[in-house]
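Peer 1: predicted coordinates and the sequence they were generated for:
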Amino acid sequence: MEIQQADRDTDIDAVRALLLEYLQWTTENFTSLDGKKVAIKTMFDHSMADLALFFPPDGALLIATCNANAVGIGFLKKIRPDACEIKRMYLRPEARGSGLGKKLLLAMISRARKLDCNQLLLDSGRFMHQAHGLYRSVGFVEIPRYPESEMAEALDQHLVYMALRLE
């Protein structure tokens with residue numbers, strides 16, 4: 001199992017595939033909650049257009065591999081001088097429960113520290129119970145919505161906002 005910064009050229013196909021899987025998984029769950037259809041292609045295109053935000057010097061796009069196969073991703077970006085945000089952390093189902101999720105999360109925390117952030121924020125669907133347990137296991141706590149969240153406020157009832165102090 002390995003975690004590394006995604007390469008813009010050689011890893012882009014794996015990033016696209018994992019991002020699309022993540023978006024399909026999350027939108028299926030959100031659609032079942034509020035009945036509204038979500039345009040996955042629009043979300044995917046928006047995420048790909050913003051990909052540069054998740055590369056150094058102000059971010060990280062980490063890719064997790066197992067036996068040379070890409071099985072997970074994690075996006076990290078600076079949202080203000082002292083804070084970073086985790087977005088789109090995802091592991092394929094076959095990689096869950098292997099410890100790779102924690103390894104990916106710890107790598108993202110390490111990258112946030114290198115970006116001189118003293119706070120790490122995230123938003124997560126309420127249905128992501130395993131992820132919440134993982135986040136709590138390293139010290140994340142629930143917080144109110146933070147101003148930089150790009151999630152629609154109408155979804156707040158279906159979201160959990162969390163923060164980790166990096167002091």
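Peer 2: Done, it's in.
Peer 1: only C-alpha atoms for contact and neighbour calcs from this point on.
Peer 2: Noted.
Peer 1: and the longest strand anywhere in the chain, what other elements does it pack with?
Peer 2: Longest strand in the chain by number of residues (criterion: DSSP state E): strand 69-80. Judged by 3 or more C-alpha pairs under 8 Å, 6 or more residues apart in numbering; DSSP states H and E, the packing partners of strand 69-80 are helix 12-34, strand 59-66, strand 83-91, helix 100-114.
Peer 1: Leu159 is nearest to which of these?
Peer 2: helix 12-34 (9.8 Å; C-alpha to C-alpha).
Peer 1: quick check: buried residues in that closest one?
Peer 2: Within helix 12-34, the residues that qualify as buried are 14-15, 18-20, 22-24, 26-30, counting by 16 or more other C-alpha atoms under 10 Å.
Peer 1: quick check: angle from that helix to strand 83-91?
Peer 2: 90 degrees (axes from the mean of the first three to the mean of the last three C-alpha atoms, to 10 degrees).
Peer 1: and the next helix or strand past helix 12-34?
Peer 2: helix 40-49 (DSSP states H and E).
Peer 1: turn the buried residues of helix 12-34 into JSON lines, columns for pLDDT.
Peer 2: Formatted as JSON lines, these follow (pLDDT from 0 to 100):
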{"residue": "Ala14", "pLDDT": "95"}
{"residue": "Val15", "pLDDT": "94"}
{"residue": "Leu18", "pLDDT": "95"}
{"residue": "Leu19", "pLDDT": "92"}
{"residue": "Leu20", "pLDDT": "92"}
{"residue": "Tyr22", "pLDDT": "89"}
{"residue": "Leu23", "pLDDT": "88"}
{"residue": "Gln24", "pLDDT": "85"}
{"residue": "Thr26", "pLDDT": "80"}
{"residue": "Thr27", "pLDDT": "77"}
{"residue": "Glu28", "pLDDT": "70"}
{"residue": "Asn29", "pLDDT": "63"}
{"residue": "Phe30", "pLDDT": "58"}
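Peer 1: closest one to Ile79 out of those, please.
Peer 2: The closest of the buried residues of helix 12-34, once distances to Ile79 are taken by C-alpha to C-alpha, is Leu19, at 20.5 Å.
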